[in-house]
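Sequence first, predicted coordinates after that:
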Amino acid sequence: MDVKRSSWFDTFLGGLLLPAMILALYMAFLQAPRERTMGDLQRIFYFHVPAAIAGLTAFAVNCFASIAFLVRKERKWDGLAVAAAECGVVFLAIVLVTGPIWAKPVWMVWWTWSPRLTSSLILCLLYVAYLLIRNYVPDPERRAMMSAVFGIVAFVDAPIVWFSIRWWRDIHPSPMLETGGLAPVMRPALYTCMLVFQLLMIYLVRRRFQIECARHDIEMIERSIG
Amino acid sequence: MLTKIWAIFRKDLLIELRTKDSLNAMLFFGIVVLVIFSFALEAVRDSIRMAVPGILWVAFAFSGTLGLNRMFAAEKENSCLQGLLMLPMDRGILYLGKMLAASVFMLFSEVIIFVFSLVFFNLTVWREIPYLALVFLLGTLGFTAVGTLLSAVAVNTRLREVLLPLILFPVILPILVMAVEATNIILNTMDYRALKLPLTIMAVFTVIFATLSYLLFEYVLED
């Protein structure tokens, strides 16, 4: 299976995603029961959490691809790294938008500097910085190298950010109410949405990766002509 | 290995002592930041001591970034970097020497900025000084551990100096959070037993990032 070009697998995955997303919407809005205290508002959770997990997975892919690039020096790994970083930022943006929409009625504030919120924001900023670096290095080889180094640094930093903020901010009381476990009747909807978001992430990363490879090919052709 | 690190360190120190390019800028900028804060926080001037740890570390971080920017930007002039890269030694050594030099400059300016803050904010510290020195030292080492690597990344970009703070501050956040917390414990809550955790995290952060940067440094300087 050639990942660099669009293949039957992408068509299949894309075709699968359409009914899968409809199913996810059905599960989240109709199949899952209404939450007792928060009402329908709670349903945003079925998109918020899966998006967060998909985003984190994408960042892990970015780190893996960055290391692979530094070891192998093959451009395809750089393509995978940038594809994963961009998709990760998109998914994290979904998290950071759905979060405050839910928080305003429940916590009475859009934003609070609680550990989880702060570290998600920082994580998003780290990968925006990653994309910024890519934007400002004209030479493709050097761009790949610089961003691979930063990608590794960012991924190593993430758990430390999480841990340090958690310790620091927990000194102060926060309006964060982390309720206990999820009711079993809500689980099917959550798991469906998680699966669909992961598939969507894989699909988007593959597509973005193909664009990057095409861009690279064009660059090579331009060079051979010039 | 130590002599090589020392040679790089000495070179940077000598250049700085002769030109005083970055130290002047670092000091002046740090003091300006203090002045800005004292006006920005005028409303809470009576309890400014609570805000001093934050103000100090913002000033240190800003002036430190200024210093880190010069670190490799200066080497770009007259192709000095090419000369350094031709030296028969591991690139990691170059990193360690540079990091050491950056730390010394930063610590020096921190001391001066701190003295100014004592005057501006009417602080009296005496017994706290050894603890503060330890926090400043650890915070600075952590800052330059990542900063030196990212400074080398930034000079490879079109924006150069502009980019460094943008990519450095999100990464450096844990060390700043911990440094502010530790300074706050020393200056305000005075519960010295609570110092252990922030200091440990700072040390762990520094060790992880110094090792990582040592390993990754050869890639950012490849020509």
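Good, I have the coordinates.

alpha carbons only for contacts and neighbour counts from here, please
Noted.

Quick check: residues of chain A near chain B?
Residues of chain A found near chain B (Cα under 8 Å from any Cα of the partner chain) are A:70, A:122, A:125-126, A:129-130, A:133, A:136-138, A:142, A:145-146, A:149-150, A:153-154, A:157, A:160-161, A:164-165, A:168.

How about the residue most central in space within chain A: what's its closest non-neighbour residue?
Centroid-nearest residue in chain A, with Cα atoms, centre = their mean: A:Gly55, separated by 1.7 Å. Of all residues not flanking A:Gly55 in the chain, A:Gly88 sits nearest, at 4.2 Å (Cα to Cα, 6 or more residues apart in numbering or on different chains).

for chain B, what spans make up the helices?
B:2-19, B:21-40, B:48-76, B:80-86, B:91-120, B:129-155, B:163-184, B:196-220 (DSSP state H).

Quick check: phi and psi on the residue of chain B found nearest chain A?
Nearest residue of chain B to chain A (Cα to the nearest Cα) works out as B:Thr157 at 4.6 Å. Main-chain torsions, B:Thr157, degrees, to the nearest 10: phi -100, psi 170.

ok, it touching A:Asp139?
No: using Cα atoms under 8 Å, B:Thr157 is not in contact with A:Asp139; the gap is 9.2 Å.

quick one, which of the two is more surrounded?
B:Thr157 (23 against 12; other Cα atoms under 10 Å in any protein chain shown).

Low-confidence stretches in chain B?
By pLDDT under 70, the low-scoring segments of chain B are B:222-223.

Write out the residues of it neighbouring chain A.
With Cα under 8 Å from any Cα as the criterion, chain B meets chain A at residues B:150, B:153-154, B:156-159, B:163, B:166-167, B:170-171, B:173-174, B:177-178, B:181, B:201, B:205, B:209, B:212, B:216, B:219-220.

Just the buried residues of those residues.
Neighbour counting with 16 or more other Cα atoms under 10 Å in any protein chain shown marks B:150, B:153-154, B:156-157, B:163, B:166-167, B:170-171, B:173-174, B:177-178, B:181, B:201, B:205, B:209, B:212, B:216, B:219-220 as buried within the residues of chain B next to chain A.

quick one: stretch B:152-165 to chain centroid distance?
In terms of Cα atoms, centre = their mean, to the nearest Å, the centre of stretch B:152-165 is found 17 Å from the chain centre.

next one: stretch B:164-171
Stretch B:164-171 has its C-alpha centroid displaced from the chain centroid by 12 Å (Cα atoms, centre = their mean).

ok, now stretch B:44-60?
18 Å.

Go through it and flag the buried ones.
Those would be B:48-49, B:51-60, for stretch B:44-60 by 16+ other Cα under 10 Å.

tell me what the lowest-mean-pLDDT helix or strand in chain A is packed against?
Scoring the helices and strands of chain A by mean pLDDT, DSSP states H and E places helix A:140-169 at the bottom, with a mean of 85. Identification of packing neighbours for helix A:140-169 by 3 or more Cα pairs under 8 Å, 6 or more residues apart in numbering or on different chains; DSSP states H and E yields helix A:45-72, helix A:75-107, helix A:115-135, helix B:163-184, helix B:196-220.

residue contacts, B:Leu14?
Taking Cα atoms under 8 Å, 6 or more residues apart in numbering or on different chains as the definition of contact, B:Leu14 has no neighbours.

separation between it and B:Phe105?
From B:Leu14 across to B:Phe105, the span is 12 Å (Cα to Cα, to the nearest Å).

circling back to that earlier point, filter the residues of chain A next to chain B down to the buried ones.
A:70, A:122, A:125-126, A:129-130, A:133, A:136-137, A:142, A:145-146, A:149-150, A:153-154, A:157, A:160-161, A:164-165, A:168.

what's the longest helix seen in chain A packed up against?
Secondary structure of chain A per DSSP H: the longest helix is helix A:187-225. Helix A:187-225 is packed against helix A:8-26, helix A:45-72, helix A:75-107, with contacts defined by 3+ Cα pairs under 8 Å, 6+ apart.

Please spell out which residues along it are buried.
For helix A:187-225, the neighbour count (16+ other Cα under 10 Å) marks A:189-190, A:192-213, A:216 as buried.

quick one: secondary structure of the residue of chain A found nearest chain B?
Residue nearest to chain B within chain A: A:Val137 (4.6 Å; Cα to the nearest Cα). Following DSSP: H, G, I helix; E, B strand; the rest coil, A:Val137 is assigned to coil.

What values do phi and psi take at it?
When read as degrees, to the nearest 10, the backbone of A:Val137 gives phi -110, psi 110.

Spit out the contact partners of the residue nearest to it when sequence neighbours are not counted.
Excluding the flanking residues, the one nearest A:Val137 by Cα to Cα, 6+ apart is B:Thr157, at 4.6 Å. Contacts here follow Cα under 8 Å, 6+ apart; on that basis B:Thr157 touches A:133, A:136-138, B:163.
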